[in-house]
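[1] this is a predicted model, with the sequence first.
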Amino acid sequence: MVEVRNEAAQDDALHRFFSTQVRPKERLAAVRKLATQLWHRGRDAVDGDDDGAATLLQWVEHLPIRDGAELRAHYGTDTEATAEALIRESASLAGWLWTAAAVVPAPPPIVHTVKVALHSLVEIRLIGELYSLYDDRGTHRDTAWLHTILHAWAVGHPVATGRVSVMSSRDIAVKLRHSYVELASDQSRLSRVIHRGRDGAELVRRLGRRFQRRLRLDPSAWPKPPAISAKEIVTAAAVDAVRKKVGLSAAAEAPGTPKEYLAEAWAQHDQARAAAGAGSAPSARLATALDAQERHLQSFSVQLKAPHIPQQRQGEPPAPTTAYAHILRADEAIDRLEAVGAQPKRLGDWPLPARNTLVYTVVSAILALPMSWLAAKTAGAADSPVVTLALLAASFCGVPAFAYGIGMIAIGKLFRPWLGGQVPRSPILGAFVSIVVPAVITAVVAALLHYL
């Protein structure tokens, strides 16, 4: 009886967490219940203990994943518009979760562990509903289907349904180790609150769009599920941890530029078009996938100001059976384009704190040098203490304020990402640099004028 009540409370908490009709206060109460259950089952979901992974697997079995009929009844019959709505709502929920994690007064390791588990639930539910939306074969949603969703979440791309082995708690724990590193944020709590969990929302948005692009293809083209290699996932997590420690992003090591990846994607897309037109008329699903991919590439061409010029093909046209393969290769190029396109055009291989510190330091120095020299010279010659006090106040208060504001504007102009979007400005770091640099320069200038 107690177990039944616990399961009912768990189901209620999951429904309230994912519902778009509840108030933030009620959703936060649901998060507390889920966090309490997670913490009672294991000390840490990602430190090699399977208890947390087993809890996540239990939650997944009770996730409110809607089927295709429910989704179309709620959002309409337009599959693409419904997919966009699902991605938008999931990204918004992830943003709320990351913002709540930044303001909860609890030890950071505990908060981060709960955030990783709930963020994973958001991703798994989104993947499950995208599968329900695009898989029109009436696949029975049994335990095998659920483990297909888990396998797709673990490898990061769609896999064919009905061909996976059961995902164990150990497999999920390995994936959670990687997520624990990947979902760590190097921003301060204040920055995460100001940006309303932008990093978490963007991660979910990119994942959803990747699945949307690939699930458009006929289910027969979905790749067979690869084996989950614990060694590869743990190694990737270790590499990501090192990157985050030194402030580097994964895109910083990419060898190409967004325009190069766009050209590669267009070339593969044109190959897919040629292959689809080489035989009989392409299926409706293949035509839809090609049209959607072309619109996506055209939007990138506009953003990057790189118009597409179709190349004349030489020789025999590609075989019709290769159309899906070329679409997938174009999609892989789009993934790389989006990863690199999220980086700024200038100093994209620099760590974020180093870029912003450079700008704040240069701006503060440019403003502080003449002002500190003028203040020191005039203060020494002035007879009125009021004049001296005003000059010192202007030097110690006015310069940092102006340097801080101009530095934030300069960062937004200099480090705008290739594909647009918000620019992290490190406000706390900027305030510190804008105060310290003018103070040091003023002290040095005053000392030099005094002794020379």
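    Perfect, thanks for sending it.
[2] spatially central, which residue of this structure would that be?
    Centroid-nearest residue in the chain, with C-alpha atoms, centre = their mean: Leu203, separated by 2.4 Å.
[3] which element is it on?
    If you go by DSSP states H and E, Leu203 is part of helix 198-215.
[4] can you list the buried residues in that helix?
    For helix 198-215, burial by neighbour count (16 or more other C-beta atoms under 10 Å) applies to 198-215. C-betas here are computed from N, CA, C, even on glycine.
[5] export it as PDB, just CAs?
    Output of helix 198-215 as PDB, limited to C-alpha atoms (Å, rounded to 0.1, in the frame of the first residue of the first chain):
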ATOM      1  CA  ARG A 198      19.700  30.200 -21.500                       C
ATOM      2  CA  ASP A 199      22.400  27.500 -21.600                       C
ATOM      3  CA  GLY A 200      20.000  24.700 -20.600                       C
ATOM      4  CA  ALA A 201      17.300  25.900 -23.000                       C
ATOM      5  CA  GLU A 202      19.800  26.000 -25.900                       C
ATOM      6  CA  LEU A 203      21.100  22.500 -25.200                       C
ATOM      7  CA  VAL A 204      17.500  21.100 -25.400                       C
ATOM      8  CA  ARG A 205      16.700  23.200 -28.400                       C
ATOM      9  CA  ARG A 206      19.700  21.900 -30.400                       C
ATOM     10  CA  LEU A 207      19.000  18.300 -29.300                       C
ATOM     11  CA  GLY A 208      15.300  18.600 -30.400                       C
ATOM     12  CA  ARG A 209      16.200  20.100 -33.800                       C
ATOM     13  CA  ARG A 210      18.800  17.400 -34.400                       C
ATOM     14  CA  PHE A 211      16.100  14.700 -33.700                       C
ATOM     15  CA  GLN A 212      13.500  16.500 -35.700                       C
ATOM     16  CA  ARG A 213      15.700  16.700 -38.800                       C
ATOM     17  CA  ARG A 214      16.600  13.000 -38.700                       C
ATOM     18  CA  LEU A 215      13.200  11.700 -37.700                       C
END
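[6] how far off centre is it?
    Centre-to-centre, helix 198-215 and its host chain are 8 Å apart (C-alpha atoms, centre = their mean, to the nearest Å).
[7] what of stretch 423-437?
    Chain-centre distance of stretch 423-437: 24 Å, with C-alpha atoms, centre = their mean.
[8] could you do stretch 200-218 as well?
    11 Å.
[9] ok, stretch 289-309 next?
    Between the mean C-alpha location of stretch 289-309 and the chain-wide mean there is a distance of 22 Å, by C-alpha atoms, centre = their mean.
[10] got the contact list for it?
    80, 213, 216-217, 258-259, 262-263, 265-266, 269, 272-273, 276, 282, 323, 327, 330-331, 334, 337, 341, 418-420 (C-beta atoms under 8 Å, 6 or more residues apart in numbering).
[11] name the residues of that stretch that are buried.
    Buried residues in stretch 289-309, defined by neighbour count with 16+ other C-beta under 10 Å: Ala289, Leu290, Gln293, Glu294, His296, Leu297, Phe300, Ser301, Leu304, His308.
[12] now for these, which pair is the farthest apart?
    Ala289 and Leu304 (22.5 Å; C-beta to C-beta).
[13] all strands of the stretch 1-150 of the chain, in order?
    For the stretch 1-150 of the chain, no strands are identified by DSSP state E, counting those that start in this stretch.
[14] show me where pLDDT drops low in it?
    Applying pLDDT under 70 to the stretch 1-150 of the chain flags residues 1-10, 39-52, 136-140.
[15] if we go to 80?
    Flagging of the stretch 1-150 of the chain using pLDDT under 80 yields the residue ranges 1-12, 20, 22, 24, 35-56, 103-110, 135-143.
[16] got the phi and psi for Pro344?
    Note on Pro344: backbone dihedrals following degrees, to the nearest 10 are phi -70, psi 160.
[17] next up, the contacts around Ala35.
    Ile110, Val114.
[18] I figured Gly68 hits Gly128, correct?
    No - Gly68 is beyond contact range of Gly128, at 11.2 Å (criterion: C-beta atoms under 8 Å).
[19] looking only at neighbour counts, state which of those two leads.
    Higher neighbour count among Gly68 and Gly128: Gly128, with 24 against 18, using other C-beta atoms under 10 Å.
[20] got the buried residues for the host helix or strand of Leu448?
    Using DSSP H and E, Leu448 sits within helix 427-451. For helix 427-451, the neighbour count (16+ other C-beta under 10 Å) marks 427, 429-431, 433-435, 437-439, 441-442, 445-446 as buried.
[21] ok, so of the residues you listed, who is nearest Val22?
    Pro427 (31.4 Å).
[22] settle this for me: the closest one is touching Met408, isn't it.
    Yes - in terms of C-beta under 8 Å, Pro427 counts as a neighbour of Met408; the distance is 7.4 Å.
[23] where along the stretch 351-452 of the chain do the helices fall?
    Counting by DSSP state H, counting those that start in this stretch, the stretch 351-452 of the chain has helices at residues 352-381, 385-393, 399-414, 427-451.
[24] distance to Leu57 for those helices - can I get that in JSON lines?
    Conversion of these to JSON lines gives the following (distance: least, C-beta to C-beta, whole Å):
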{"stretch": "helix 352-381", "distance to Leu57": "35"}
{"stretch": "helix 385-393", "distance to Leu57": "62"}
{"stretch": "helix 399-414", "distance to Leu57": "43"}
{"stretch": "helix 427-451", "distance to Leu57": "39"}
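[25] redo those as CSV? Include distance to Arg88 and mean pLDDT.
    Converted to CSV, these look like this (distance: least, C-beta to C-beta, whole Å; pLDDT from 0 to 100):
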stretch, distance to Arg88, mean pLDDT
helix 352-381, 26, 80
helix 385-393, 49, 60
helix 399-414, 25, 89
helix 427-451, 27, 80
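[26] which one, of those helices, ends up nearest to Ser19?
    With respect to Ser19, and counting by C-beta to C-beta, the nearest of the helices of the stretch 351-452 of the chain is helix 427-451 at 33.4 Å.
[27] related to what we said a few turns ago, drop anything exposed from the contacts of stretch 289-309.
    Buried among the contacts of stretch 289-309 (16+ other C-beta under 10 Å): 213, 216-217, 258-259, 262-263, 265-266, 269, 272-273, 276, 282, 323, 327, 330-331, 334, 337, 341, 418-419.
[28] in helices, which of these appear?
    Judged by DSSP state H, these include 213, 258-259, 262-263, 265-266, 269, 272-273, 276, 323, 327, 330-331, 334, 337, 341 as members of helices.
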